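[1] got a predicted structure here, sequence first:
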Amino acid sequence: MRMHRVAPFAASMVLLGLLCTTPAAQAPIRIALPNLADSVKFVAIGDNGTGEKAQYEIGALMAQARELFPYDFVIMLGDNMYGSQRPSDFVKKFEAPYKTLLDAGVKFYAALGNHDKQENRFYKPWNMNGERYYTYTKKNVRFFVLDTDYLDRKQQDWIENELRSSDDEWKVVYFHHPLYSSGGRHGSEVDLREILEPLFIKYGVNAVFAGHDHIYERIKPQSDIYYFVSGSAGQLRRGDLKRSALTAAGYDQEQTFMLVEIDTDALAVQAIAKSGKTVDSASMPRQKRIPALPPISDR
């Protein structure tokens, strides 16, 4: 099933009703990343598809950040669409809030979440090409996208084969349900971790991004892998971050999005809140995949 855009008149009505809402007072964005000429630059958002004011404000900030940090794609960590998912909702909850970026040619690559309809994988602007799980490459980085709402045997075999055959400098995996999280509502998905983490360690995954918990959290490295939760680009569960031994940095007071930069030797991240302030920034070296200490237990 292919999703169809609404007629231009209907789309314009959505834009008139929602884009006229200007963002609340925001601090000017300052880029805290190296911003190198030839690096891979992207944005990570999760749990964004509400169609509400905060999503539009985050969308405006994403566009503002791109003027300073010229990324050309966005990874979507699932729950890209809440509530009704009719053709008009794809305008209200995706095309309108990110119109500036879409018009500039920025590509969005989606993973499905538990609120997304499976047929949404056919929606062309999400670049899933009808697949629940898929892979693509940006320069020296290969991205692997999973559907953790239904991690069947076929998908497990696929990700192992793809990771095994990849000799890319960087391997980045993303999906909806976090293997590590200090979110109070959901927290770590230990059952998924038991399946996926051994593969990630064995085949040299460098970084993993997820949503689901409506917070931002940067996890302390687990077996030399960097984990991030970025699930508050639309939805927010204020006060839900229960800082633990896992937490390197986190924020749960406003909606956030992430700027990410990868060069040959390092991964740099910057989390920006709806107010425009930076709530986390860090640069992390590419691990050499030497034997690591066991992951921190959060059971």
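    Cool, the structure landed.

[2] show the average pLDDT along the strand or helix carrying residue 61.
    Using DSSP states H and E, residue 61 maps to helix 53-68. Average pLDDT, helix 53-68: 98.

[3] pLDDT below threshold where in the stretch 101-250 of the chain?
    For the stretch 101-250 of the chain, no stretch is flagged by pLDDT under 70.

[4] picking that back up, the helix or strand following the helix holding residue 61: partners in the sheet, and parallel or antiparallel?
    From helix 53-68 onward toward the C-terminus, using DSSP H and E, the following helix or strand is strand 73-76. Applying DSSP bridges, strand 73-76 is found paired with strand 40-45 (parallel), strand 107-110 (parallel).

[5] ok now the longest one, how far from the chain's centre?
    So the one you mean is strand 40-45. 8 Å (Cα atoms, centre = their mean, to the nearest Å).

[6] now the angle from that strand to helix 53-68?
    For strand 40-45 against helix 53-68, the angle by axes from the mean of the first three to the mean of the last three Cα atoms, to 10 degrees is 170 degrees.

[7] model confidence over strand 40-45, on average?
    On average, strand 40-45 scores 98.

[8] buried sites along that strand?
    For strand 40-45, the neighbour count (16 or more other Cβ atoms under 10 Å) marks 40, 41, 42, 43, 44, 45 as buried. (Each C-beta comes from the backbone N, C-alpha and C, glycine too.)

[9] one more: stretch 138-146?
    Within stretch 138-146, the residues that count as buried by 16+ other Cβ under 10 Å are 138, 141, 142, 143, 144, 145, 146.

[10] what about the third one, distance to residue 159?
    When Cβ to Cβ, to the nearest Å is applied, the distance between residue 142 and residue 159 equals 12 Å.

[11] strands along the stretch 51-200 of the chain, start to end?
    Per DSSP state E, counting those that start in this stretch, the stretch 51-200 of the chain carries strands over the ranges 73-76, 107-110, 134-138, 141-145, 170-174.
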